[in-house]
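Colleague: kindly generate the corresponding structure for this input.
(chains A and B)
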Amino acid sequence: MSTLQTVSALLRRELMLAMRRRGDVLTVLFFFVIVASLFPLGVGPDTQLLRLMGGGVVWVSALLAAMLSLGRLFANDHADGTLEQLILTPTPPVIWITGKILAHWMVSGVPLILVAPVLGIQFGLSNEALVVLMFSLLLGTPVLSLIGAVGAALTLGLRGGGVLVSLLVLPLYIPVLIFGAGAVDGAMSGLGAEAHLSLLGSVLILAFMLTPWAVSAALRISME
Amino acid sequence: MSSANWYKYSSPATFYSLAGRMIPWFYAAAAVLSVIGLYIGFVLAPTDFQQGESYRIIFIHVPASWMSMFIYVVMAVWAAFGLAFNTRLSFMMMSALAPTGAMLTFVALWTGALWGKPTWGAWWVWDARLTSELILFFLYIGFMALQAAIDDPRRADRAGALIALVGVINVPIIYFSVRWWNTLHQGASVSVNKAPSMATIMLTGMLVMAFAVWMYAIAAALSRARSIILERERNSQWVAQLLESKE
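Modeller: Numbers count the residues shown, from 1 in each chain, chains lettered A, B, ... in the order given. Here you go, the predicted structure:
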């Protein structure tokens, strides 16, 4: 099979599995909404304050939701032996790993992008800031899936893997958070979001080039 | 041609005795240097005309933060060696360095807070350097937590090495993103960069202390590596002989 065929077959399989377990996808999505809704309850209903915080809050919630969904990335395939079969195929691991990460993003990242504007409206973001918020999430959430995949692969089958993965991955998410929330802030304050979005884009390119190799090495370490 | 056979020292048995002979020297150097450094810092160095006596904490704070960053890089170098040459000792050195690095990061944060209170008027400021040091602390904790969670030593070694390498690639990205975030979010706080250039005697004291911390870090890492070797090789012949000769 050609590379493209492999990736598309893998994508179809992952998406079908996700459709059969819609609950998992929805859980992460509602987690995102609930976390973002907790902040106004914590800091008070001051509109001015919430408008300032909005971008950051939505981004922090997206970070936590992305992290929560990492367990699904390899764990099930590890448990039923699919992962071993994939490693045995002649396709280079980097190819199918990229496919799996892409599928993970489509299932757990894209819904966040679609729901984010609703949360943004709750925080009183301007229309322009809402567009920037969606665009920054579009550039940023794939990075969360890519970096998270390294953590997920390293903690495969470990005791307390879920908490451990957050310790490993959250510090590495910080640049994405800064650039993503910074873009929204820039749009709100009129400074413009282009600089932050460009940096976010470059982080995405860097992560896309490097992390599949790291994930491949991590899976080899965890599976041997 | 190179005559020294470096692989000889990568054997845990050889390294164990070599490290045992080197440790007292490094501890002694650390003790002597810190006595000199603290004497320069607390007796010879003049009082700062802006910050008063409280500035003297830099003689501990700056060396600790320098070494905390340096040790992370050294850890990553050992990780790369371990993955490239498959030497167990490299992984052991990597694991042995992490607690010292985390401790120094903590010391740097703690002394930074103690210095910040009289100087900035707050225990904690979201300054770019403080924040990156805090994130470095998180990276150390993550590394140690991952190693602690894996029972199989071989997997623990390799997984730790990979996360150390991923971390070291990320450190500059994190540092610059935090610096940028900081300049956008808050006005200029007091920065060491803007302070008038430092008196030579202060710089000397700080460098001597940095060497003291360096020597201490080497000694601590070597002793920890020795413990790791004993733990891992407890079933081997030479450890059994070593224990017999001790009895």
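Colleague: B:P12: neighbouring residues, count only.
Modeller: B:P12 has 22 neighbouring residues, counting by other C-beta atoms under 10 Å in any protein chain shown. C-beta coordinates here come from the backbone N, C-alpha and C atoms, glycine included.
Colleague: show me where chain B has helices.
Modeller: With helices called from DSSP state H, chain B shows them at B:12-39, B:58-85, B:88-120, B:128-149, B:153-185, B:200-232, B:237-246.
Colleague: list the helices and strands the first one packs on?
Modeller: So that's helix B:12-39. On a contact count with 3 or more C-beta pairs under 8 Å, 6 or more residues apart in numbering or on different chains; DSSP states H and E, helix B:12-39 meets helix B:88-120, helix B:200-232.
Colleague: now the last one, how far from the centre of its chain.
Modeller: Distance, stretch centre to chain centre, for helix B:200-232: 8 Å (C-alpha atoms, centre = their mean, to the nearest Å).
Colleague: what mean pLDDT does that helix get?
Modeller: The average pLDDT within helix B:200-232 is 90.
Colleague: what angle separates it from helix B:237-246?
Modeller: If you take axes from the mean of the first three to the mean of the last three C-alpha atoms, to 10 degrees, helix B:200-232 sits at 100 degrees to helix B:237-246.
Colleague: what packs against helix B:200-232?
Modeller: Secondary-structure packing of helix B:200-232 (3+ C-beta pairs under 8 Å, 6+ apart): helix B:12-39, helix B:58-85, helix B:88-120.
Colleague: re the thing from before, any chance of the helices of chain B in JSON lines, with distance to A:G186 too?
Modeller: Listed next are the helices of chain B as JSON lines, based on distance: least, C-beta to C-beta, whole Å:
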{"stretch": "helix B:12-39", "distance to A:G186": "45"}
{"stretch": "helix B:58-85", "distance to A:G186": "30"}
{"stretch": "helix B:88-120", "distance to A:G186": "27"}
{"stretch": "helix B:128-149", "distance to A:G186": "18"}
{"stretch": "helix B:153-185", "distance to A:G186": "8"}
{"stretch": "helix B:200-232", "distance to A:G186": "39"}
{"stretch": "helix B:237-246", "distance to A:G186": "61"}
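Colleague: which one of the ones you listed has the lowest average pLDDT?
Modeller: Going by mean pLDDT, the lowest-scoring of the helices of chain B is helix B:237-246, which has a mean of 80.
Colleague: quick one, what contacts the closest residue to B:W78 other than its chain neighbours?
Modeller: Closest residue to B:W78 apart from its sequence neighbours, by C-beta to C-beta, 6 or more residues apart in numbering or on different chains: B:M94 at 4.0 Å. Residues near B:M94 by C-beta atoms under 8 Å, 6 or more residues apart in numbering or on different chains: B:75, B:78-79, B:82, B:157, B:160-161, B:164.
Colleague: go again using 7 Å as the cut-off
Modeller: Counting by C-beta atoms under 7 Å, 6 or more residues apart in numbering or on different chains, B:M94 touches B:75, B:78-79, B:82, B:160-161, B:164.
Colleague: let's have these in a markdown table, adding neighbour count.
Modeller: Putting the contacts of B:M94 into a markdown table (neighbours: other C-beta atoms under 10 Å in any protein chain shown) gives the following:
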| residue | neighbour count |
| --- | --- |
| B:M75 | 28 |
| B:W78 | 23 |
| B:A79 | 27 |
| B:G82 | 23 |
| B:G160 | 26 |
| B:A161 | 27 |
| B:A164 | 29 |
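Colleague: of these, which is the nearest to A:A36?
Modeller: Each of these was scored against A:A36 by C-beta to C-beta, and B:A164 proved nearest at 33.6 Å.
Colleague: so that closest one touches B:W78, yeah?
Modeller: No: contact criterion C-beta atoms under 7 Å: B:A164 and B:W78 do not qualify, at 8.1 Å.
Colleague: list the buried residues of the helix or strand where A:G54 lies.
Modeller: Using DSSP states H and E, A:G54 maps to helix A:47-68. Neighbour counts over helix A:47-68 (16 or more other C-beta atoms under 10 Å in any protein chain shown) mark A:50, A:52-68 as buried.
Colleague: same deal with stretch B:37-49?
Modeller: By 16+ other C-beta under 10 Å, the buried positions in stretch B:37-49 come out as B:37-38, B:40-41, B:45, B:48.
Colleague: what ranges do the helices span in chain A?
Modeller: A:3-20, A:22-43, A:47-68, A:71-79, A:82-88, A:93-104, A:110-122, A:127-154, A:161-189, A:194-223.
Colleague: if anything else comes up later, I'll come back, but that's it for now.
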